[in-house]
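In: Generate coordinates for the sequence data below:
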Amino acid sequence: MIIVSACLAGIPCRWDGGMKSDERVMRLVREGKALPLCPEQLGGLATPREPAEIRAGRVFSKSGADLTAQFQRGAEIVWETARQYGCSEAILKARSPSCGSGRIYDGSFSATLVDGDGLTARLLKKKGILVRTEDEL
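Out: A predicted model of the protein is given here:
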């Protein structure tokens, strides 16, 4: 079983209420090989919601609200689910403050990318889960 970002599986859970469907991910879900999860919703955030980015190790909404606790809670729920299902791999949404792997937005809301991981990607990697983004499929 593979953990996948729910927005890649066609579930409208992104900050703007949309999705970023990826046919390869959707096929894995249809075949029963992948479990779609949204760490931001699991952490208690509504959809739609303000965009958020990581700055100085914390997650802030565009208006400045500190959402780190919700993002961390969502990451922990995704990890616990991965552990329960015996998952060793995750395909997560690139550049997201939750799911981004390798490159994320810098916290200035200017579309500037920096090296780094979203909170969920970071936790999963720390726990030994192979994390890839849709860009790496």
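In: how near is the residue nearest to Leu130 when sequence neighbours are not counted to Gly64?
Out: Among residues not flanking Leu130 along the chain, Glu89 sits closest, at 4.6 Å (Cβ to Cβ, 6 or more residues apart in numbering). Glycine gets a C-beta too; all of them are placed from N, C-alpha and C. Distance of Glu89 to Gly64, computed by Cβ to Cβ, to the nearest Å: 35 Å.
In: higher neighbour count, those two?
Out: When neighbours are counted by other Cβ atoms under 10 Å, Glu89 and Gly64 differ, and Glu89 comes out ahead with 15 against 8.
In: residues making contact with stretch 30-37?
Out: 1-6, 8-9, 11, 25, 28-29, 77-78, 81, 85, 87, 91 (Cβ atoms under 8 Å, 6 or more residues apart in numbering).
In: Span of that stretch from start to end?
Out: 14 Å (Cα to Cα, to the nearest Å).
In: Please apply the same query to stretch 15-33.
Out: 26 Å.
In: Could you check how far it is from the centre of its chain?
Out: 13 Å (Cα atoms, centre = their mean, to the nearest Å).
In: And stretch 63-77, by the same measure?
Out: 12 Å.
In: Give me the pLDDT value at the residue nearest to Leu130.
Out: Looking at Glu89, its pLDDT is 98.
In: cool, Ala82 as well?
Out: pLDDT, read off for Ala82, is 98.
In: Name all residues that make contact with the residue nearest to it when sequence neighbours are not counted.
Out: Excluding its sequence neighbours, the residue lying closest to Ala82 (Cβ to Cβ, 6+ apart) is Ile3, at 5.1 Å. Taking Cβ under 8 Å, 6+ apart, we find Ile3 in contact with 34-35, 37, 78, 81-82, 85, 87, 89-92, 124, 129.
In: Name the nearest of those residues relative to Arg55.
Out: In terms of Cβ to Cβ, no member of the contacts of Ile3 lies closer to Arg55 than Leu92, at 20.1 Å.
In: still on that earlier bit, filter the contacts of stretch 30-37 down to the buried ones and hand me the ChimeraX line.
Out: Typed into ChimeraX, the next command selects the buried ones out of the contacts of stretch 30-37 (criterion: 16 or more other Cβ atoms under 10 Å):
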select :1,2,3,4,5,6,8,9,11,25,28,29,77,78,81,87,91
